[in-house]
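Engineer: this is a predicted model, with the sequence first.
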Amino acid sequence: MYTLQIEHAVNDFTAWKQSFDSDPADRAGSGVVSYRVCRPVDDSQRVLIELDFAEREQAESMLNTLRTRVWSGPGRPPSLDGAPDTRIVESVEAKTL
């Protein structure tokens with residue numbers, strides 16, 4: 001399992017969430033098998049997203065799509081502030097206690 005982790009500043013969470021829910025990057029069609037949206041309890045102006053993929057290449061492709069079609073150009077959501085922090089991680093162990 002590979003996870004694309006994204007942390008982004010937002011100036012309006014409700015507007016950002018509407019944009020996220022409209023799915024401009026086609027999560028399902030891009031191989032996302034699950035995702036999580038989180039907000040730091042001490043900073044309502046940030047959002048953390050984790051997109052899970054079966055294959056590393058799918059995560060890399062999604063990151064490229066986000067960079068070129070969602071986070072830049074005229075279609076960029078006005079609710080985003082600055083550039084996101086991103087990384088792709090590989091799960092090496094998961095356990096439910």
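Structural biologist: Structure received.
Engineer: how about the CA coordinates for the top strand by length along the chain, as CSV?
Structural biologist: Identified as the longest strand of the chain according to DSSP state E is strand 80-90. Extracted in CSV, the C-alpha atoms of strand 80-90 (Å, rounded to 0.1, in the frame of the first residue of the first chain):
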residue,chain,number,x,y,z
LEU,A,80,-6.0,27.1,-1.3
ASP,A,81,-3.2,29.1,0.2
GLY,A,82,0.4,28.6,-1.0
ALA,A,83,1.9,25.3,-2.1
PRO,A,84,1.1,22.0,-0.4
ASP,A,85,3.7,19.8,1.4
THR,A,86,3.5,16.3,-0.2
ARG,A,87,5.2,12.9,0.1
ILE,A,88,4.5,9.3,-0.9
VAL,A,89,5.0,6.7,1.8
GLU,A,90,4.9,2.9,1.7
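Engineer: strand partners (parallel or antiparallel) of that strand?
Structural biologist: According to DSSP bridges, strand 80-90 forms sheet pairs with strand 2-10 (antiparallel).
Engineer: report the buried residues of the partner strand.
Structural biologist: By neighbour count with 16 or more other C-beta atoms under 10 Å, strand 2-10 contains the buried residues Tyr2, Thr3, Leu4, Gln5, Ile6, His8, Ala9, Val10. Placement of C-beta: from N, CA and C, glycine included.
Engineer: now pLDDT and distance to Tyr35 too, for these, in CSV please.
Structural biologist: What follows is those, written out as CSV (pLDDT from 0 to 100; distance: C-beta to C-beta, whole Å):
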residue, pLDDT, distance to Tyr35
Tyr2, 97, 13
Thr3, 98, 9
Leu4, 98, 9
Gln5, 98, 11
Ile6, 97, 10
His8, 94, 14
Ala9, 94, 19
Val10, 94, 16
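Engineer: let's have these in CSV, adding distance to Pro74.
Structural biologist: Converted to CSV, the buried residues of strand 2-10 look like this (distance: C-beta to C-beta, whole Å):
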residue, distance to Pro74
Tyr2, 30
Thr3, 29
Leu4, 24
Gln5, 27
Ile6, 21
His8, 19
Ala9, 20
Val10, 19
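Engineer: what about the helices in this protein?
Structural biologist: 13-21, 56-65 (DSSP state H).
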